[in-house]
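Undergrad: pasted the sequence and its predicted model underneath.
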Amino acid sequence: MSVSSATRRKITAAGLAVLIDSGYAAFTQQLVAERAKISLGNLTYHFATKSILLDAIIVDWFEQWQQSFNIALHAKTEHVPGIDEFIDWVMDSALTDNNIRLFRELWAISNNDVKLETMLHVLYDQAVDFVLAAFAVSDLDRNDENLRNLIYVLACVSEGAAAVWINAPGSKANPDIIKHHVRTLFGPAFKQALCSATVKKNTQSTPT
């Protein structure tokens, strides 16, 4: 990694920490520079505006999410990840303090930032593609509407659980019970959709 790339990563890591710890209302390039222990001029050389810096923070965070997914579920085995393990990882990831705060901030910002809202939706689409690739779904079947929307359902449930869990420890929501219900309700539907995608692929490849 070049010195310039290392500096950019250092800045985005500091920016992510500031966004999580202080929220976007207090998020400034000066505060990020102080967190990264560099000059404001050095920061603005790499990221001229607050908006450009925020975009880079989100892209870097998404790359870290992909790496975490691979390490936890995919890179340790030559086989596709298990569905229950996948569900647990998504739920556990969503319920970390950092991600609870981060998603709350990002969606709040996107209410008044069309560019960020569009970017988030693009990243969600890319995340769905990434998950389906991990489950060895063919390129053609990754466009299956039912299969894709099932993963969006899991995203809705995990982020909804995170929103409820913001109020912990006062909340009566129990993440273990929530995960059990998600495995019970989502798991079979996702497994069936994966099997249907395989059937479609085999059918379409069979000469008529």
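TA: Here it is on my side, so go on.

Undergrad: would you mark the buried spots in the lengthiest helix in the chain?
TA: Looking across the chain with DSSP state H, the single longest helix is helix 175-205. Within helix 175-205, the residues scored as buried using 16 or more other CB atoms under 10 Å are Pro175, Ile178, Lys179, Val182, Arg183, Phe186, Gly187, Phe190, Ala193, Leu194, Ala197, Lys201. Placement of C-beta: from N, CA and C, glycine included.

Undergrad: can you check stretch 24-37 too?
TA: Tyr24, Phe27, Gln29, Leu31, Val32, Ala33, Arg35, Ala36.

Undergrad: return the member of the residues you listed nearest to Val153.
TA: Distance ranking of the buried residues of stretch 24-37 against Val153, using CB to CB, places Tyr24 first at 27.8 Å.

Undergrad: do I have it right that the closest one meets Arg104?
TA: No - the criterion here is CB atoms under 8 Å, and Tyr24 misses it with Arg104 at 9.9 Å.

Undergrad: what's the mean pLDDT across the longest helix of the chain?
TA: Mean per-residue pLDDT for helix 175-205: 84.

Undergrad: now stretch 80-96
TA: 88.

Undergrad: hey, where'd the helices end up in the protein?
TA: 3-22, 29-36, 40-46, 50-69, 83-94, 97-110, 114-134, 145-165, 175-205.

Undergrad: same for the fourth one, what does it pack against?
TA: Spelled out, it's helix 50-69. helix 3-22, helix 29-36, helix 83-94, helix 97-110, helix 114-134 (3 or more CB pairs under 8 Å, 6 or more residues apart in numbering; DSSP states H and E).

Undergrad: again, 10 Å this time
TA: Contact analysis of helix 50-69 by 3 or more CB pairs under 10 Å, 6 or more residues apart in numbering; DSSP states H and E lists helix 3-22, helix 29-36, helix 40-46, helix 83-94, helix 97-110, helix 114-134 as its packing neighbours.

Undergrad: now that helix: buried residues?
TA: Under 16+ other CB under 10 Å, the buried positions of helix 50-69 are Leu53, Leu54, Asp55, Ala56, Ile57, Ile58, Asp60, Trp61, Phe62, Phe69.

Undergrad: between the two ends of stretch 21-39, how far is it?
TA: Here the two ends of stretch 21-39 are set 21 Å apart, with distance taken as CA to CA, to the nearest Å.
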